[in-house]
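Undergrad: here's my sequence, what's the structure:
(2 chains)
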Protein chains: 2
Amino acid sequence: MSVTELVDGVLSGNRRYLARLISLIENEDRLAQDALIQLYKHTGKAYVIGVTGPPGSGKSSLVTKLTAEFRKRSKTIGVVCVDPSSPFTGGALLGDRIRMQEHSLDDEVFVRSMGTRGHLGGLSRAASDTVRVIDAFGKDIIFVETVGTGQSEVEVIEIAHTVIVTDVPGSGDDIQAIKAGIMEIAAIFVVNKSDYPGADKKVAEINTMLDLDPRERAWRPPVLLTNSRTGDGIAELADKLQEHLKYLKDSGMLEQKGLQRSREELQSIMKYKLTQELSQKLQGKPEYEKAIRMIAARKKDPYTVAEQLIAEFLFSEIR
Amino acid sequence: MSVTELVDGVLSGNRRYLARLISLIENEDRLAQDALIQLYKHTGKAYVIGVTGPPGSGKSSLVTKLTAEFRKRSKTIGVVCVDPSSPFTGGALLGDRIRMQEHSLDDEVFVRSMGTRGHLGGLSRAASDTVRVIDAFGKDIIFVETVGTGQSEVEVIEIAHTVIVTDVPGSGDDIQAIKAGIMEIAAIFVVNKSDYPGADKKVAEINTMLDLDPRERAWRPPVLLTNSRTGDGIAELADKLQEHLKYLKDSGMLEQKGLQRSREELQSIMKYKLTQELSQKLQGKPEYEKAIRMIAARKKDPYTVAEQLIAEFLFSEIR
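TA: Here you go, the predicted structure:
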């Protein structure tokens, strides 16, 4: 398949080309990057909504219900699920098949799960490129769903214009820490499973934390109660999302976020390219393997060796 | 303070020098790296135990109880808590002060909390350097405690010789996903809060998952029940840890892990150095700022710009 075919296929709205391109992105195929370069000017139209929160807080079901709500409002939807998975085998643990079953026959909904890919920032890179191609593909709203608050998840969630942080009644003490940690990126808090005991208490707790935040802000994150089973609160959440998008536009924040996003994107791509290039250069080199053995035996230190290898292998061909 | 003073201070067992050096590591001070280079040959002696698992599964209290148990066995202890915290402000959210209070007067226990530091792999870098200096300082056992299963947490936990994965009775469905994801790095499973309803069921569930794993393995992870409040099961867990260390030594796995660890360490340092160097070179350059605006306006694509900037700024001085 040529780059032109791939790009034309995606721009013409062919789902199979889109799925194919995402696989190429995941496999770090050179073709993917060429396609991304050409698709870039067609991006920047989708409203990207991040959904994060502790395990068990019902992110998937919330996204499913929100998808249904926005379909009623004639919006087309993309969903990117960033799944925790093995650092060794890669691959998404929870496949697309078991997610979003109620939308599986709707052509206006495109769902993709992604797993952890290696150690070189590959996951956030691949996820952000995937959001980009779904954007170029023409979906109006793209959900990015991620478990946990690890560094790569934070990177992923920063793609979003609006971040929803989910929580659940009666969660443990560590949750407090997580919540405070992502306080600053949350635009909307959702306490899911509103029929569980303690839901109102949890809402009050989050509101108290928000009130204790000394920073001035034009948008004070609302704390909403939802129920993914009954659908209670979902329409209100969809309204709040549209309200937040309007706020971002009117306040100039959307433009500012776009600049910030471009800066981070550029840094992330540069970092990725450098590490890719370096590992290609070092692959299978006897000097590299010997250096590792010396480090393990404490005969050399890794800091000095790192500088030597960078100078020798990465910069050598340019000299 | 000179590097020699710092290194001598740490090697002589002075806690204040150790604390000082860790702060320098966190601040990415050049002095820290010079000290790390000199301290490197004094490392590789500590037994590093990772403790990970979902929020609310009682990792902190488990580490506190294990510390007490190993102190009875005359082991000296280091604890590095990797806390989720703001991606923007940095800094550990839960301070050392509120942790491990029962060991705060024991000079043979050294505790340090670390927060998320930026986006460039800084956290796992800093945490692994911190474990290294506590190792050089002479602690027999170092616990690395981390919440969640994000990419940076996985990187952090890979420092460990033995990884304990904690879980709690009656946790949500996402937990299953997490558990499967870290299945391969877990040497010991601990179901904490053994007095909660469903503890035995959770143990059975994990055992079932382990039995479904088709891979052959010499060490089949045991699933233990503990209670951090009463201390039940803690001595057995300590025994299992010592048994796993013996297994690693006898099977040659310890040496193999050491090589693997050196490889990852070297890669991580090279990656870190490259991104550091690049951001220094780009800082405040008008071409850089202009490129970001062009990308945000979709007039240029970030992939092409990344290559141009790398060629122009990172490689220019070497030519």
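
Undergrad: show me the strands in the stretch 201-319 of chain A, by range?
TA: A:223-225 (DSSP state E, counting those that start in this stretch).

Undergrad: what does it put close to chain B?
TA: In this structure, the stretch 201-319 of chain A approaches chain B at residues A:255, A:258-259, A:261-271, A:273-275, A:278-279, A:291-293, A:295-296, A:298-299, A:301-307, A:309-310, A:314-315, A:318-319, judged by Cβ under 8 Å from any Cβ of the partner chain. For glycine as for every other residue, the C-beta is placed from the backbone atoms N, C-alpha and C.

Undergrad: go again using 7 Å as the cut-off
TA: Within the stretch 201-319 of chain A, the positions adjacent to chain B are A:258-259, A:262-263, A:265-266, A:269-271, A:273-275, A:278, A:291-293, A:295-296, A:298, A:301-307, A:309-310, A:315, A:318-319 by Cβ under 7 Å from any Cβ of the partner chain.

Undergrad: would you mark the buried spots in stretch A:187-199?
TA: Within stretch A:187-199, the residues that count as buried by 16 or more other Cβ atoms under 10 Å in any protein chain shown are A:187-194, A:199.

Undergrad: which of these are close to chain B?
TA: When Cβ under 7 Å from any Cβ is applied, no member of these is adjacent to chain B.

Undergrad: of those residues, which belong to helices?
TA: In this view, the buried residues of stretch A:187-199 that belong to helices under DSSP state H are A:Ala199.

Undergrad: ok, so of the buried residues of stretch A:187-199, who is nearest chain B?
TA: Compare each of the buried residues of stretch A:187-199 with chain B using Cβ to the nearest Cβ and the shortest gap goes to A:Lys193, at 9.6 Å.

Undergrad: how many residues are close by A:Ser23?
TA: Counted with other Cβ atoms under 10 Å in any protein chain shown, the neighbours of A:Ser23 add up to 12.

Undergrad: now the helix or strand containing it - C-alpha only, PDB.
TA: With elements delineated by DSSP states H and E, A:Ser23 resides in helix A:15-26, which encompasses its position. Coordinates of each C-alpha in helix A:15-26 appear next as PDB, following Å, rounded to 0.1, in the frame of the first residue of the first chain:
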ATOM      1  CA  ARG A  15     -12.600   2.800   8.200                       C
ATOM      2  CA  ARG A  16     -10.400   0.000   7.000                       C
ATOM      3  CA  TYR A  17      -7.700   2.400   5.900                       C
ATOM      4  CA  LEU A  18      -8.000   4.100   9.200                       C
ATOM      5  CA  ALA A  19      -7.600   0.800  11.200                       C
ATOM      6  CA  ARG A  20      -4.700  -0.100   8.900                       C
ATOM      7  CA  LEU A  21      -2.900   3.200   9.500                       C
ATOM      8  CA  ILE A  22      -3.300   2.800  13.300                       C
ATOM      9  CA  SER A  23      -1.700  -0.600  13.100                       C
ATOM     10  CA  LEU A  24       1.200   0.900  11.200                       C
ATOM     11  CA  ILE A  25       1.500   3.600  13.800                       C
ATOM     12  CA  GLU A  26       1.600   0.900  16.500                       C
END
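
Undergrad: report the distance from it to the chain centre.
TA: Relative to the mean C-alpha coordinate of its chain, helix A:15-26 is positioned 17 Å out (Cα atoms, centre = their mean, to the nearest Å).

Undergrad: filter the buried residues of stretch A:187-199 down to the ones in strands?
TA: With strands identified by DSSP state E, the entries of the buried residues of stretch A:187-199 that belong to them are A:188-191.

Undergrad: all the helices of chain A, in order from the start?
TA: Taking DSSP H, the helices of chain A run over residues A:3-11, A:15-26, A:30-39, A:59-72, A:122-137, A:151-157, A:173-182, A:199-212, A:234-250, A:253-282, A:286-296, A:302-309.

Undergrad: ok so, going back, out of the residues of the stretch 201-319 of chain A next to chain B, which are buried?
TA: Among those, those scoring as buried are A:258, A:262-263, A:265-266, A:269-271, A:273-275, A:278, A:291-292, A:295-296, A:301-303, A:305-306, A:309-310 (criterion: 16+ other Cβ under 10 Å).

Undergrad: residues near A:Ala19, how many?
TA: Neighbours of A:Ala19 under the rule other Cβ under 10 Å: 14.

Undergrad: next, count neighbours for the spatially closest residue to it that is not a sequence neighbour.
TA: Closest residue to A:Ala19 in three dimensions, ignoring its sequence neighbours and counting by Cβ to Cβ, 6 or more residues apart in numbering or on different chains: A:Arg112, at 7.5 Å. For A:Arg112, the neighbour count with other Cβ under 10 Å is 22.

Undergrad: report pLDDT for A:Arg112.
TA: What the model reports for A:Arg112 is a pLDDT of 89.

Undergrad: and the gap between it and A:Leu21?
TA: The gap separating A:Arg112 from A:Leu21 is 11 Å, by Cβ to Cβ, to the nearest Å.

Undergrad: and stretch A:187-207, end to end?
TA: End-to-end span of stretch A:187-207 (Cα to Cα, to the nearest Å): 13 Å.

Undergrad: now it, how far from the centre of its chain.
TA: Distance, centroid of stretch A:187-207 to centroid of chain: 24 Å (Cα atoms, centre = their mean).

Undergrad: can you redo the helices of chain A as TSV with mean pLDDT?
TA: Output for the helices of chain A, formatted as TSV (pLDDT from 0 to 100):
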stretch	mean pLDDT
helix A:3-11	96
helix A:15-26	94
helix A:30-39	93
helix A:59-72	93
helix A:122-137	89
helix A:151-157	67
helix A:173-182	50
helix A:199-212	85
helix A:234-250	97
helix A:253-282	87
helix A:286-296	93
helix A:302-309	92
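
Undergrad: buried deepest among those, which one?
TA: Mean neighbour count, computed with mean count of other Cβ atoms under 10 Å in any protein chain shown, is highest for helix A:151-157 among the helices of chain A, reaching a mean of 27.

Undergrad: next, the contact list for A:Glu277, please.
TA: Counting by Cβ atoms under 7 Å, 6 or more residues apart in numbering or on different chains, A:Glu277 touches A:Leu314.

Undergrad: again, but for A:Leu36
TA: A:129, A:132, B:303.
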